[in-house]
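Colleague: could you work out the structure for the sequence below:
(one chain, ligands or ions: 1)
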Amino acid sequence: MSEGKFQIGLIQMDSGDQWEGNRKAAARYISQAAEAGASLVIFPETVDYIGTDFRGSAAEVPGPVTDFFREQAVKYGLYLHCGSITERVPGSLPKNTSLVFGPDGTILGRYSKLHLFDVELEEGPSYRESDDVTGGEDICLVKTPLCTMGLSVCYDMRFPELYRLMAGHGAQLLVNCANFTANTGKDHWEPLLRARAIENTCYVAAVGQCGRKPKFQAWGHTMLVSPWGEVIAALENEPGVLTGEIDLGKLEQVRRQIPSLKNVREDVYRLESRRMKVYPEVM
Ligand SMILES: NC(=O)CCC(=O)C(=O)O
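Modeller: Sure, this is the predicted structure:
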């Protein structure tokens, strides 16, 4: 890895309702990503289970599922974002939670999806994620020696203020782990990702589920977007590994040309985060 540059591995999954099958696929793809030189690997939303009983399948976090990802991070000596897992919360609905592990297996950051997917499409099904899951409470930035990551999950992508706040607090790589629907994804996925990259002068790594899910067809199209808004690499709708380079020198070059993060008119308007966790947390 040369200064400010590293390889990222984005793992598109077709997760089903059996953890054992999902675990085996994940292990295979991590090994491929490591083989391709990835220093950071990212999985999609609800990587461990997609079925009809999210509440019943909710897992302890940390617990056996996250232990698997921790062990893989250590085995290959890389940074690993586990996508998201339906986290059991005693006495409440589960949360849709992401963990980031360091190469020594420590948990570097933790985020629970803020915006739940409660929508009704005129020409498609309606979704009520809030029947199964409760929303998180904090914005999450994770500082690593590779880069500073801003975490988000799927529908969060439609809330630009979240990303602007993360970029304003130092994010260089905006991560979105997703299980986007094909109905919306065909028109919205790429424009949203490119917009978040351009308006925040950040890399965007968006990692999707693909294939047929119980309620909808997933959109896939895992994508890495540059701070200029170019699609560096993308997958279609098959499971697999997408690799690409993150170059923080290029990010600085874009920010020198278009300093939109600095040109904000705070005398006229201001975005405020009520709850932001920056990891590592100061003890
Ligand atoms: N899992 C989700 O949050 C789906 C979001 C989605 O498909 C969208 O259109 O937004």
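Colleague: kindly tell me how buried the residue in the stretch 1-150 of the chain positioned nearest to the ligand is, as a neighbour count.
Modeller: The ligand sits closest to residue 117 of the stretch 1-150 of the chain, with a gap of 3.5 Å, by C-beta to the nearest ligand atom. Heads up, the C-betas are built off the backbone N, CA and C, glycines and all. Look at residue 117: counted by other C-beta atoms under 10 Å, it has 21 neighbours.
Colleague: repeat that for residue 89.
Modeller: 16.
Colleague: where does the residue of the stretch 1-150 of the chain closest to the ligand land on pLDDT?
Modeller: Looking at residue 117, its pLDDT is 97.
Colleague: which stretches of this protein have low pLDDT?
Modeller: 1-2, 282-283 (pLDDT under 70).
Colleague: up against the ligand, what does it have?
Modeller: Applying C-beta under 6 Å from any ligand atom, we find that the chain lies next to the ligand at 45, 117, 154-155, 158, 179-181, 184, 188.
Colleague: in PyMOL, how would I select the buried members of those residues?
Modeller: Command for PyMOL, covering only those of the residues of the chain next to the ligand found buried under the criterion 16 or more other C-beta atoms under 10 Å:
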select buried, resi 45+117+154+155+179+180+181+184
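Colleague: among the residues of the chain next to the ligand, which one sits closest to residue 107?
Modeller: Using C-beta to C-beta, residue 45 comes nearest to residue 107 of the residues of the chain next to the ligand, at 18.6 Å.
Colleague: how far away is the closest one from residue 218?
Modeller: Spatial separation of residue 45 from residue 218 under the definition C-beta to C-beta, to the nearest Å is 9 Å.
Colleague: overlap in contacts, those two.
Modeller: Shared contacts of residue 45 and residue 218 (C-beta atoms under 8 Å, 6 or more residues apart in numbering): 179, 209.
Colleague: re the thing from before, could the residues of the chain next to the ligand go into CSV alongside secondary structure?
Modeller: Output for the residues of the chain next to the ligand, formatted as CSV (DSSP: H, G, I helix; E, B strand; the rest coil):
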residue, secondary structure
45, coil
117, coil
154, helix
155, helix
158, helix
179, coil
180, coil
181, strand
184, helix
188, helix
